[in-house]
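Engineer: structural data only, the sequence is not supplied:
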């Protein structure tokens with residue numbers, strides 16, 4: 001272990017992580033003293049009832065929210081020690097996100113949407129387009145490069161979102177109910193694709209899901225209950 005308390009090999013770690021909110025005179029504790037470590041290429045599912053704090057946890061681990069206590073380390077750097085710009089650069093470089101709703105930019109094509117993380121990271125446009133095209137072909141959308149989100153099916157939009165999350169070759173992708181908005185057949189195709197890509201690219205996946213069949217395909221399943229993570 002390093003002085004930070006984070007294993008040298010971990011892509012993500014949190015120590016004594018907690019989050020509470022003030023509601024009038026009372027403090028509502030959502031998460032308390034969480035410990036988690038995720039290693040390169042590892043796939044972990046977090047399950048729990050609605051309102052248990054799963055999305056809050058994901059936002060803390062991804063540096064999108066600030067913990068009330070404890071620390072989060074991503075790719076060897078403590079998020080709370082970084083300024084907003086440096087934190088954004090670290091997320092762009094080391095982390096991909098996939099949500100239940102794809103969050104694609106409606107005015108841009110599939111290819112342009114996947115290019116975005118590369119362009120934000122200052123990759124030259126020709127190289128960005130080449131890498132985005134290669135990844136869209138890899139997820140089966142080589143024939144849909146110039147289509148905008150409104151012209152794509154739900155499953156196709158989610159494939160674009162997955163390609164966007166992976167285009168920078170991040171060490172970790174976080175997925176928040178990635179199949180929650182899809183029919184069963186399409187959801188299964190997305191699950192198969194994610195498992196295939198995580199294996200091929202050696203990318204760690206942290207998946208928040210209600211789908212136990214998906215959770216069981218991960219290396220570990222953790223249950224978030226009463227603000228704590230419990231292995232199941």
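Structural biologist: Nice, I can see it. The structure displayed is predicted, hence computed values, not measured ones.
Engineer: which element follows the host helix or strand of residue 156 toward the C-terminus?
Structural biologist: Assessed by DSSP states H and E, residue 156 sits inside helix 154-166. Following helix 154-166 in sequence order, the next helix or strand is strand 172-176 (DSSP H and E).
Engineer: residue 167 and residue 94, how far apart?
Structural biologist: 13 Å (CB to CB, to the nearest Å). For the C-beta atoms, the positions are set from N, CA and C on the backbone; glycine is no exception.
Engineer: looking at those two, which is more packed in?
Structural biologist: The neighbour comparison of residue 167 against residue 94 (other CB atoms under 10 Å) goes to residue 167, with 23 against 18.
Engineer: got the contact list for the spatially most central residue of the chain?
Structural biologist: Nearest to the geometric centre of the chain sits residue 174, at 1.4 Å (CA atoms, centre = their mean). Residue 174 makes contact with 58, 61, 62, 95, 96, 97, 98, 205, 206, 207, 208, according to CB atoms under 8 Å, 6 or more residues apart in numbering.
Engineer: how much space separates it from residue 59?
Structural biologist: Distance, residue 174 to residue 59, using CB to CB: 9 Å.
Engineer: and if you look at residue 47?
Structural biologist: 17 Å.
Engineer: and the two? Which one has more around it.
Structural biologist: Taking other CB under 10 Å, residue 47 and residue 59 do not tie; residue 47 has more neighbours (22 against 17).
Engineer: mind listing the strands for the protein?
Structural biologist: For the chain, applying DSSP state E gives strands covering 12-23, 26-38, 43-47, 69-74, 77-78, 95-99, 172-176, 204-208, 220-225, 228-231.
Engineer: worst mean pLDDT among the ones you listed?
Structural biologist: Per-segment mean pLDDT for those reaches its minimum on strand 228-231, at a mean of 81.
Engineer: name the residues of that one that are buried.
Structural biologist: For strand 228-231, the neighbour count (16 or more other CB atoms under 10 Å) marks residue 229 as buried.
Engineer: same check, this time on stretch 205-212
Structural biologist: Residues of stretch 205-212 classed as buried by neighbour count (16+ other CB under 10 Å): 205, 206, 207, 208, 209, 211.
Engineer: turn those into JSON lines, columns for distance to residue 67.
Structural biologist: What follows is the buried residues of stretch 205-212, written out as JSON lines (distance: CB to CB, whole Å):
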{"residue": "205", "distance to residue 67": "22"}
{"residue": "206", "distance to residue 67": "16"}
{"residue": "207", "distance to residue 67": "21"}
{"residue": "208", "distance to residue 67": "17"}
{"residue": "209", "distance to residue 67": "23"}
{"residue": "211", "distance to residue 67": "27"}
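Engineer: report the two of those separated the most.
Structural biologist: Largest separation among those by CB to CB: 206 and 211, giving 14.6 Å.
Engineer: contact partners of the longest helix along the chain?
Structural biologist: Longest helix in the chain by number of residues (criterion: DSSP state H): helix 184-201. Outside helix 184-201, the residues that touch it by CB under 8 Å, 6+ apart are 41, 43, 138-140, 153-155, 158-159, 162, 166, 169, 173, 175, 178-179, 182, 203-205, 211, 213-214, 217.
Engineer: nothing else from me, thank you.
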